[in-house]
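Enquirer: Return atomic coordinates for the entry below.
(4 chains)
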There are 2 protein chains.
Amino acid sequence: MGSPPQRADARRNRERILQAAFEAFAAEGHLVPLDDIARRAGVGAGTVYRNFPTKEALFQAVVTVRIERIVDEARALGGAADPADAFYGFVTQVVERAMFNHAVCEALAADMRGFDASGMDEQFTAALDVLLRRAQNAGAVRPDVDVQDVRALLAGAMYMERGHRRGDRPGHMTSLACDALRPTTKRNETSGPRDETHCEICATPLTPAATGRPARFCSASCRQKAHRRKKASPKTG
Amino acid sequence: MGSPPQRADARRNRERILQAAFEAFAAEGHLVPLDDIARRAGVGAGTVYRNFPTKEALFQAVVTVRIERIVDEARALGGAADPADAFYGFVTQVVERAMFNHAVCEALAADMRGFDASGMDEQFTAALDVLLRRAQNAGAVRPDVDVQDVRALLAGAMYMERGHRRGDRPGHMTSLACDALRPTTKRNETSGPRDETHCEICATPLTPAATGRPARFCSASCRQKAHRRKKASPKTG
DNA sequence: CTATAATCGGAACGAACAACCCGGTTAGGA
DNA sequence: TCCTAACCGGGTTGTTCGTTCCGATTATAG
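Expert: Residues are numbered from 1 along each chain as shown, chains lettered A, B, ... in the order given. Okay, here's the model as predicted:
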């Protein structure tokens, strides 16, 4: 009890392990072999296990710090002047951050990777709930979603950004996900009309027109159809 | 070449393996051990490997059939009378189906699990593109998304439905995802207002009121704030 | 400097799983 | 019925990875 708590080298190694684990988990997720972490920390696997009972415990030790920080930010935004900015800004930022940290991504994902035990799940959900309700009361978020929906959408947005990352348009899927939450007004229409490479009517791929002006239809009949439609339904066309 | 193509028991076993693999992959995804599939089929692991060079080949053989069916349905919907119904109906149905088939879910997910080789990815994307463009031309889908966005949203919806499944409201996240694609008009507002357990203004948790009527605010000041807001912004409130 | 106990590191273990192999079995034609 | 090539199945191998163990090392008090 009164004994010197730890030897100096032991303390140093613990820090090194945490640092290496943070980097490794962030880069590759919880599946990274523990031996890799040990090697990056410059210690043996045994030393890791003297500090953390299981690999899972190490993962949680690393991630809990990050989640706590995120929860703190959410709480700080709870009193922000503009509830809409606070909510959408927070959501966007969380996803953005998770993009660069696979571990946070996994922790916030669907199952919270068993974080229920540490209470992080409840805290995160509660903090998010405050932002959500304020935004809803301000009319910035549709009223028929609850905090679990937003949690799911967050996880989904991270998943989409990671899985379907195309070099261009980072954050595009998140923007789309946010639009799903908005009331029917005020959209985030990002880009202009897509560049057309298919017939606008039947979606047949268009051969690159030799003429300067890009073609919009594959045939005269489709062009006529388009004209007819434009006249018939000016509301939806 | 002219030799009897296969022994009867071999043919029978092949069918059994395909059936067992379909069930196992559908229930548990591609991670299910191959030995389990062999056992369910009532054969040894060796017999599986005599029919399919790798576990991955077996997975693809099983899943390709399902994806082909989905692609066929998409193509059939390409000429539907109502492009909006065709598109949203197809998306909803694909997610719904994947809910009960983990294998399809994984195959349609972000990376298509290497299905590029079999051409399924291109075919699925092309068929989906037709539905999307027709729906866009009909004004039922916002014009600033492309087929890759929809692919991502599909994968995300499946992910969300699977991960955050709450007993109630199956398909709710899919409905939300579809709303992200709609033009600003015409929403799918599913349920009424959520049951309030927090202050509508500051989101403080409300202690269950002893009185019969449920409270909506945590304090008199919040109640006043609500009144003021309702007068100030009748458009958004 | 010395003694000693905490600490270190990596070898060793066990479990899981894909893939291979070979001795025994059987279908099906003659 | 008999023969044989095709086929069967599970035991075996190789690999990966989490976890444990123990002889070697080293920090630190006296």
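
Enquirer: what's the domain layout of chain A?
Expert: What automatic domain parsing lists as the domains of chain A is A:11-53, A:60-181.

Enquirer: winner for burial among those domains?
Expert: Scoring those by mean neighbour count under mean count of other CB atoms under 10 Å in any protein chain shown gives domain A:60-181 as the most buried, with a mean of 19. To be clear about C-beta, it is placed using only N, CA and C from the backbone, and glycine gets the same treatment.

Enquirer: roughly how far is it from the heart of the chain?
Expert: Offset of domain A:60-181 from its chain centre (CA atoms, centre = their mean, to the nearest Å): 7 Å.

Enquirer: thinking again about what came up before, quick one: closest of the domains of chain A to chain B.
Expert: domain A:60-181 (2.4 Å; CB to the nearest CB).

Enquirer: Now do that closest one: distance from first to last residue.
Expert: Distance across domain A:60-181, first residue to last, is 31 Å (CA to CA, to the nearest Å).

Enquirer: how about the residues of chain A near DNA strand D?
Expert: Those residues of chain A that sit near DNA strand D, judged by CB under 7 Å from any atom of the strand, are A:4, A:7-9, A:31, A:33-35, A:45-46, A:49, A:53-56.

Enquirer: Give me the subset of those residues lying in strands.
Expert: Using DSSP state E, no member of these falls within strands.

Enquirer: Relative to DNA strand C, how far out is A:D36?
Expert: 12 Å (CB to the nearest atom of the strand, to the nearest Å).

Enquirer: How about A:A180?
Expert: A:A180 is 36 Å from DNA strand C, by CB to the nearest atom of the strand.

Enquirer: Of the domains of chain A, which is nearest B:H172?
Expert: domain A:60-181 (7.1 Å; CB to CB).

Enquirer: what about that closest one, near chain B?
Expert: Yes: counting by CB under 8 Å from any CB of the partner chain, chain B has neighbours in domain A:60-181: A:78, A:109-111, A:129-130, A:133-134, A:137-140, A:142-146, A:148-149, A:151-153, A:155-157, A:159-160, A:162-164, A:166, A:172-173, A:176-177, A:179-181.

Enquirer: so of these, which ones are in strands?
Expert: Per DSSP E, the subset of these in strands is empty.

Enquirer: Report all helices and strands that the longest helix along chain A contacts.
Expert: Identified as the longest helix of chain A according to DSSP state H is helix A:55-77. Using 3 or more CB pairs under 8 Å, 6 or more residues apart in numbering or on different chains; DSSP states H and E, the elements in contact with helix A:55-77 are helix A:8-28, helix A:34-41, helix A:83-99, helix A:102-108, helix A:120-137.

Enquirer: Report whether it contacts DNA strand C.
Expert: No: counting by CB under 7 Å from any atom of the strand, DNA strand C has no neighbours in helix A:55-77; the shortest distance is 12.0 Å.

Enquirer: and that helix, how far out from the chain's middle?
Expert: The answer for helix A:55-77 is 15 Å, by CA atoms, centre = their mean.
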